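S.K.: Here is the input, now give the coordinates:
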Amino acid sequence: MLSDEVRIYEIKRVDVEGAIVLDGFPSVGLVSSIVANYLIDTLEMEQIGIVESPSFPTVSLVRDGKPQHPVRIYSGTPPQGRNGRGADRIVAFISEFQPPPNVIHPLATAILNWVQEQRCGLLVSPEGLVVEPAPGTKEHRRPTKVPEVRVYGIASTRRAQELYIEPNVTPFMEGVITGIAGVLLNEGRRRGFDVLTFLAEANPEYPDARAAAKIIETINHILLRSALDPEPLIHEAERIEQQLLTIQRSAQEHPRPERPATPQSAPMYR
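M.R.: Got it, this is the predicted structure:
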């Protein structure tokens, strides 16, 4: 059974009861990957587990001379805001690779099962919302003028919709949410578990750091309420997007190696 193909292994036992869990799998504009990477680095989150499946890419990401699994789990504690309120802990599932279609449903189900078993508070899926390029521009080029990025939101439960979405962002009323985020929303609704999806307008032709930064600001304002400084978000997100591009280009250039690969020195991110 496909559900048996996905397994979560904890490499360090951490109490994550009540934590906010982030889905950091690649999406439109690599928005979710940039968001997760930024929080992992900024909050100095530690790796607490891995996710394995025969359907995952047969690669090992090497960073600082250490091998890393394609799908990893991190945990950390956000700094408290001035009012002392906000999330006590945040957990991030992260990968630089898009899961193949046949494993998306069992992967999302395994994640939600783990989240509920650990008694986490809620699950968040950042996503990019496809926007059409402006007339007269080439799709593979970035626009010369930076448009205002709008953020939309949807929740799996009525409670979460009223508490987190409606007072803070424009509700997402019509459209299709695909991939892991879509399965998590559906499963969350079926189980009565709070799953939030924040969608920022993003260009699918390149990693959209501005869209990711807007979602980071949204998550920080609504959920974390921490003392994260919003000013360096754009610059940091742009640095992360370049590192993610390097990883994905390397994977595309070497999809099925016939012989042992020659070690290469490519920058990696958590």
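S.K.: Distance check, A200 against V151.
M.R.: Going from A200 to V151 by C-beta to C-beta, to the nearest Å gives 5 Å. In short, each C-beta sits where N, CA and C put it, glycine included.
S.K.: Could I get the full set of strands for the stretch 51-200 of the chain?
M.R.: Using DSSP state E, counting those that start in this stretch, the strands found in the stretch 51-200 of the chain span residues 61-63, 66-68, 71-76, 90-95, 122-130, 151-155, 170-171, 195-202.
S.K.: could you dump those strands to TSV with mean neighbour count?
M.R.: Formatted as TSV, the strands of the stretch 51-200 of the chain follow (neighbours: other C-beta atoms under 10 Å):
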stretch	mean neighbour count
strand 61-63	16
strand 66-68	12
strand 71-76	23
strand 90-95	25
strand 122-130	25
strand 151-155	21
strand 170-171	12
strand 195-202	26
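S.K.: With mean pLDDT as extra columns, can I get those in CSV?
M.R.: CSV is the format used below for these (pLDDT from 0 to 100):
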stretch, mean pLDDT
strand 61-63, 83
strand 66-68, 89
strand 71-76, 96
strand 90-95, 96
strand 122-130, 93
strand 151-155, 97
strand 170-171, 96
strand 195-202, 95
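S.K.: so which of the ones you listed gets nearest L112?
M.R.: Minimum separation from L112 across the strands of the stretch 51-200 of the chain (C-beta to C-beta) falls at strand 122-130, 6.8 Å.
S.K.: list the helices and strands that closest one packs on?
M.R.: If contacts are counted by 3 or more C-beta pairs under 8 Å, 6 or more residues apart in numbering; DSSP states H and E, strand 122-130 sits against strand 20-24, helix 31-42, helix 101-117, helix 179-191, strand 195-202, helix 209-219.
S.K.: list residues touching both of A200 and V151?
M.R.: Here A200 and V151 have 214-215, 218 as joint contacts, going by C-beta atoms under 8 Å, 6 or more residues apart in numbering.
S.K.: Check those for burial and list the buried ones.
M.R.: 214-215, 218 (16 or more other C-beta atoms under 10 Å).
S.K.: from these, which is closest to T246?
M.R.: For these, the nearest to T246 is I215 (22.3 Å; C-beta to C-beta).
S.K.: check which helix or strand covers L228.
M.R.: Using DSSP states H and E, L228 sits within no helix or strand.
S.K.: any idea how far the residue nearest to it when sequence neighbours are not counted is from V14?
M.R.: Closest residue to L228 in three dimensions, ignoring its sequence neighbours and counting by C-beta to C-beta, 6 or more residues apart in numbering: N220, at 5.1 Å. Going from N220 to V14 by C-beta to C-beta gives 22 Å.
S.K.: quick one, which of those two is more surrounded?
M.R.: N220 (21 against 16; other C-beta atoms under 10 Å).
S.K.: pretty sure that one is touching S226, no?
M.R.: Yes. Contact status for N220 versus S226: in contact at 6.0 Å, counting by C-beta atoms under 8 Å.
S.K.: For the stretch 101-250 of the chain, give me the ranges with low pLDDT.
M.R.: Within the stretch 101-250 of the chain, the stretches with pLDDT under 70 are 132-147, 227, 229-234, 236-238, 240-241, 248, 250.
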